[in-house]
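Q: Curious how this folds, go ahead:
(one chain, ligands or ions: 1)
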Amino acid sequence: MMSSMSLSRMLRAASVCRTMSTATKLTAVEVNDKTGIATVTLSRPPINALNVELLHDLYQSIKEIENNKSRGLILTSSNDKVFSAGLDINEMYRPDKDRARLLWTKLQDVWLALYGCALPTAAAINGHAPAGGCLLATSCEYRVILPQCRIGLNEIQLGLVPPIFCMFNFLNVLPRRVAERALVQGRIFTTEQALQIGLVDDVASSKEKALEKCSQFIATFAQTNPLARSLTKLKFRGADLQRFESERTNELESFLEFIDHPQMQEDLGIYLEGLKKKNRN
Ligand SMILES: CCCCCCCC/C=C\C/C=C/C(=O)SCCNC(=O)CCNC(=O)[C@H](O)C(C)(C)COP(=O)(O)OP(=O)(O)OC[C@H]1O[C@@H](n2cnc3c(N)ncnc32)[C@H](O)[C@@H]1OP(=O)(O)O
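A: Sure, this is the predicted structure:
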């Protein structure tokens, strides 16, 4: 039988963390009532590949947290090896045209929501974060990664042109020369390399510790006026957001044209097959 002691402990824990009522299917949102910090957990097994539905749910979660006046947002993954594998390549290979349009539009919406989020944002990168995974992490203001992870924007290695928001994210985090070289080489960095160049702010030995460090980062703003903070953030990021808006339609059309190209389709098919073969051998 459960002792009254452990029952009261459980009740206390339950009152600290609550799941948001409108938590969506592919993202779980939990708000810590004590700190006011919301954690969004990407939950699309096996590797959190970003398809239309996950991007939709992620966007809804970010907006909901922002509107509920949480103290901050932490992004993490339910998978203990992969933060996110980036865009779901199945959505780009032999795509349904309307769905491909929706995919790119939703990716753009998520970037706008996360990069321009009024709240302090942090990523607890508890697994690999290639391409779109790195894009999500670098849209946040602070990053903690676990040992033995890989992170980077490798689009060019797939023959894809990194869109403008990849450039904004890297320029916001890395020195210009390092950002440019990393993008044109499609570099994927180890945990140690990412820390050394400043792509991540810290390394933690477990997901729990990474979440704790993210909470500590957000807590540094406890005494700061939230409006002054968000307007200052916007002053830094506003020019990127404006330039993005002016180019978003062109980028959408370029993306659709790009993936429609027969050579691109062939390359994506080979890449996808290579990923699958790895598991068959
Ligand atoms: C404005 C101009 C526009 C021009 C065009 C722009 C194009 C878009 C540009 C940028 C935006 C973002 C693009 C992207 O995100 S593209 C995606 C790139 N992602 C990758 O290259 C990651 C590939 N995956 C991996 O490296 C590994 O899978 C891993 C490290 C993430 C995880 O490794 P591991 O735990 O060993 O898992 P598996 O490799 O075994 O994978 C499990 C399972 O999942 C499949 N899979 C992996 N990644 C993807 C993916 N991104 N999409 C779909 N499926 C994926 C893999 O094949 C396995 O499948 P199974 O064998 O059938 O189980």
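Q: Helix or strand: which one has the residue nearest to Gln108 when sequence neighbours are not counted?
A: Excluding the flanking residues, the one nearest Gln108 by Cβ to Cβ, 6 or more residues apart in numbering is Arg248, at 5.6 Å. Just so you know, the C-beta spots here come from the backbone N, C-alpha and C atoms, and that holds for glycine as well. Per DSSP states H and E: Arg248 is located in helix 226-260.
Q: Any residue of that helix touching the ligand?
A: Yes: using Cβ under 6 Å from any ligand atom, helix 226-260 reaches the ligand at 251, 254-255, 258.
Q: For the one residue in the stretch 51-200 of the chain that gets nearest to the ligand, grab the count of nearby residues.
A: When distances are taken as Cβ to the nearest ligand atom, the stretch 51-200 of the chain reaches nearest to the ligand at Gly86, 2.6 Å away. Gly86 sits with 24 neighbouring residues when counted by other Cβ atoms under 10 Å.
Q: cool, and Tyr271?
A: Neighbour count for Tyr271, taken as other Cβ under 10 Å: 17.
Q: What does the pLDDT read for it?
A: As predicted, Tyr271 sits at a pLDDT of 91.
Q: Give me the neighbour count for Asn90.
A: As a burial measure, Asn90 scores 12 neighbours (other Cβ under 10 Å).
Q: Quick check, pLDDT for it.
A: As predicted, Asn90 sits at a pLDDT of 96.
Q: Give me every residue in this structure lying close to the ligand.
A: Residues of the chain found near the ligand (Cβ under 6 Å from any ligand atom) are 46-47, 49, 81-82, 85-90, 128, 130-132, 154-155, 160-163, 251, 254-255, 258, 275-276, 278-279.
Q: The residues you listed in strands, which ones?
A: Using DSSP state E, the members of the residues of the chain next to the ligand that fall within strands are Pro130.
Q: Which of the residues of the chain next to the ligand are buried, as a PyMOL select command?
A: In PyMOL syntax, the buried subset of these is picked out as below (16 or more other Cβ atoms under 10 Å):
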select buried, resi 47+49+82+85+86+87+88+89+128+130+131+132+154+155+160+162+163+251+255
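Q: Just list the residues touching His166, thanks.
A: To be clear, residue 166 is Cys; His isn't right here. Shown in contact with Cys166 (Cβ atoms under 8 Å, 6 or more residues apart in numbering): 135, 153, 155, 183.
Q: Could you report the distance from the third one to Asn126?
A: Spatial separation of Glu155 from Asn126 under the definition Cβ to Cβ, to the nearest Å is 23 Å.
Q: same thing with the second one?
A: With distances taken as Cβ to Cβ, Leu153 is found 19 Å from Asn126.
Q: These two: which is more packed in?
A: More neighbours surround Leu153 than the other of Leu153 and Asn126, with 31 against 25 (other Cβ under 10 Å).
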